[in-house]
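Asks: how would this look folded up:
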Amino acid sequence: MEHSNKVLLFGILPGSFHSENEFNSTDDLDFRHHNYKEMRQVSLSRRAQCPNITRIYNIGKSSNGLKMYAMEISDNPGEHETGEPEFRYTAGLHGNEVLGRELLLLLMQFLCREYKVENPRVRRLVDGVRIHLVPSLNPDAYELAFEMVTCRPLTSERKNNFPDLNSILWGAEDRGWVPRIVPNHHIPIPENFFNVETRAIISWMERNPFVLGANLQGGEKLVAYPFDMQRPQLSVSTPDDAMFRWLAMSYAHSHLTMTETYRGSCHGDDVTEHASLSGMNDFSYLHTNCFELSIFLGCDKFPHESELPLEWENNREALLSFIEQVNRGIKGVVKDVEGNPLPNATVSVEGIQHDIRTAAGGDYWRLLNPGEYKVTAKADNYTPQTRLCLVGYEAGATPCGFTLAKSNWRTNLTNRKKPQKKNWMSHPVKSLKVG
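Replies: Purely as a prediction, here's the structure:
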């Protein structure tokens, strides 16, 4: 195994992506490629089979007017439950990388079926996590790739229907739409986006308090995590590098072949250039609470249908195990002394320069490795509170709630005689370069 500044790289078994690798899966699922209409039909079928735990919605439309469908799987679909984390899997960022799309359609079928037969592990997942699955972020480009049935790269015009979110972020800096030096979390978003797909996915990110997610891609066999893009002001790693490494390893070691002895990547020895393909990771980390990774499933972007059962077996445990990581660290509710939730409060961990914010119900989740942490919650017009929170090795996030009292600072300030030629409301704002 080799670790670079940008990615975790894992070996590929020789011949593991040949079309003659047929395999009969023990799961009785729909192992075939699905175009747009067939993908929608698979979702509708799962909705009919498991109406109590599924919901279909769309996060927006593509440039050609195709809806970007999402499947929610939860014991209370359609609602965010206070204290329950939200997770997302997305795929199809590039239209000709189709394995992730098919794996998410298979995951829909698997979770529905296993929930109905009362599989205890699947029951815990569905009852304890609000899961969102988006098989195709770029449906226009997939339709073209499906018609061609080829692994050749799509044209620039098609591929750029959903451009790299990092490129948008850095371009906004260059144009002066957002400041170049910003805090290491919750950076401002420019209003001028380049296409409808980008606007839709960012709006979706903002509407839902995601904690953890992954984008399934192809063309390599590795797990990428922030920071992916080479940018002068970015350091080698994020403040949460140890947590990201754990998350990456949790998928790779649960995959049946990803951690085999290193024998070379899909594009030779130099893999650093490929790290720049997974731009959602940095964007998600810097703008939202969500920790996102990109999982590259293999060299063959458009595997033959006969290989789908084997690919499902290789990834099934990893897909489930990665969802379970959403319950690592701490969680809680930030409220006032009267018990009212405080949305958009800031939760910070001493020694980690990356804050998160509470959801509408005042609840939060902070992914952390085992250890002791000094955690502070603060909100406008309230006195901050600091607690010592212990994260153990057992399953489940550690409860760590906060109750904030109203601050008397503004009242006292108003009663004071205002000095001349000095603004007491003006304080220097300390900012960090990204990273």
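
Asks: only the buried residues of the helix or strand encompassing Arg113, if you could.
Replies: In the assignment (DSSP states H and E), Arg113 maps to helix 99-116. Neighbour-count burial for helix 99-116 flags 99-115 (criterion: 16 or more other Cβ atoms under 10 Å). In this view, the C-beta of every residue, glycine as well, is placed from N, C-alpha and C.

Asks: other SSEs contacting that helix?
Replies: Judged by 3 or more Cβ pairs under 8 Å, 6 or more residues apart in numbering; DSSP states H and E, helix 99-116 is in contact with helix 36-49, strand 67-73, strand 86-91, helix 120-128, strand 130-134, strand 210-217, strand 291-298, helix 308-324.

Asks: what's the closest of the ones you listed to Ser284?
Replies: strand 291-298 (4.0 Å; Cβ to Cβ).

Asks: pLDDT of that closest one, averaged?
Replies: On average, the pLDDT along strand 291-298 is 92.

Asks: which other helices and strands does that strand contact?
Replies: By 3+ Cβ pairs under 8 Å, 6+ apart, strand 291-298 packs against helix 99-116, strand 210-217, strand 220-224, helix 241-254, helix 280-287, helix 308-324.

Asks: for the longest one, list the C-alpha coordinates in PDB.
Replies: Below are the C-alpha coordinates for helix 99-116, written out as PDB (Å, rounded to 0.1, in the frame of the first residue of the first chain):
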ATOM      1  CA  LEU A  99     -20.200   0.900 -12.100                       C
ATOM      2  CA  GLY A 100     -21.000   3.200  -9.200                       C
ATOM      3  CA  ARG A 101     -24.500   3.800 -10.700                       C
ATOM      4  CA  GLU A 102     -25.200   0.100 -10.800                       C
ATOM      5  CA  LEU A 103     -23.800  -0.500  -7.300                       C
ATOM      6  CA  LEU A 104     -26.200   2.100  -5.900                       C
ATOM      7  CA  LEU A 105     -29.200   0.500  -7.700                       C
ATOM      8  CA  LEU A 106     -28.100  -2.900  -6.300                       C
ATOM      9  CA  LEU A 107     -27.700  -1.300  -2.800                       C
ATOM     10  CA  MET A 108     -31.300   0.000  -3.000                       C
ATOM     11  CA  GLN A 109     -32.600  -3.500  -3.800                       C
ATOM     12  CA  PHE A 110     -30.400  -5.100  -1.100                       C
ATOM     13  CA  LEU A 111     -31.500  -2.800   1.700                       C
ATOM     14  CA  CYS A 112     -35.100  -3.100   0.800                       C
ATOM     15  CA  ARG A 113     -35.000  -6.900   0.700                       C
ATOM     16  CA  GLU A 114     -32.900  -7.400   3.800                       C
ATOM     17  CA  TYR A 115     -35.000  -4.900   5.800                       C
ATOM     18  CA  LYS A 116     -38.200  -6.900   5.000                       C
END
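
Asks: that older thread, wait, which of the helices and strands packed on helix 99-116 is closest to Phe402?
Replies: Taking those one by one with Cβ to Cβ, strand 210-217 is closest: 17.8 Å.

Asks: give me the sheet partners of the closest one and which way each runs.
Replies: Partners of strand 210-217 in the sheet, by DSSP bridges, are strand 86-91 (parallel), strand 291-298 (parallel).

Asks: now those strands as CSV including distance to Asn408 and mean neighbour count?
Replies: Formatted as CSV, the strands paired with strand 210-217 follow (distance: least, Cβ to Cβ, whole Å; neighbours: other Cβ atoms under 10 Å):
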stretch, distance to Asn408, mean neighbour count
strand 86-91, 36, 25
strand 291-298, 37, 26
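
Asks: so which strand or helix has the nearest residue to Gln41 once chain neighbours are set aside?
Replies: Of all residues not flanking Gln41 in the chain, His34 sits nearest, at 7.9 Å (Cβ to Cβ, 6 or more residues apart in numbering). Assessed by DSSP H and E, His34 sits outside every helix and strand.

Asks: coming back round to it: would you turn the helices and strands packed on helix 99-116 into TSV with distance to Phe283?
Replies: Listed next are the helices and strands packed on helix 99-116 as TSV, based on distance: least, Cβ to Cβ, whole Å:
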stretch	distance to Phe283
helix 36-49	25
strand 67-73	17
strand 86-91	13
helix 120-128	26
strand 130-134	16
strand 210-217	11
strand 291-298	8
helix 308-324	20
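
Asks: Val347: which of those is closest?
Replies: Comparing the helices and strands packed on helix 99-116 by Cβ to Cβ, strand 210-217 comes nearest, at 12.4 Å.

Asks: show residues contacting the closest one.
Replies: 85-91, 93-94, 97, 99-101, 103-104, 132, 137, 247, 251, 277-278, 280-281, 284, 288-297, 322-323, 325-326, 365, 367 (Cβ atoms under 8 Å, 6 or more residues apart in numbering).

Asks: how's this structure carved up into domains?
Replies: By the record's domain assignment, the chain is partitioned as 2-327, 330-415 (automatic domain parsing).

Asks: what's the mean pLDDT across the shortest one?
Replies: In this model, domain 330-415 has a mean pLDDT of 92.

Asks: repeat for stretch 246-253
Replies: On average, stretch 246-253 scores 93.

Asks: how about it: buried residues?
Replies: 246-248, 250-252.

Asks: repeat for stretch 390-407
Replies: Under 16+ other Cβ under 10 Å, the buried positions of stretch 390-407 are 391, 397-398, 400-402, 404.

Asks: which of the residues you listed sits closest to Ala48?
Replies: The closest of the buried residues of stretch 390-407, once distances to Ala48 are taken by Cβ to Cβ, is Ala397, at 33.7 Å.

Asks: is it correct that that closest one is in contact with Glu324?
Replies: No: taking contacts as Cβ atoms under 8 Å, Ala397 lies outside contact range of Glu324: 11.3 Å.

Asks: next, format the helices and strands packed on strand 291-298 as JSON lines and append distance to Glu260.
Replies: What follows is the helices and strands packed on strand 291-298, written out as JSON lines (distance: least, Cβ to Cβ, whole Å):
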{"stretch": "helix 99-116", "distance to Glu260": "18"}
{"stretch": "strand 210-217", "distance to Glu260": "20"}
{"stretch": "strand 220-224", "distance to Glu260": "10"}
{"stretch": "helix 241-254", "distance to Glu260": "10"}
{"stretch": "helix 280-287", "distance to Glu260": "24"}
{"stretch": "helix 308-324", "distance to Glu260": "11"}
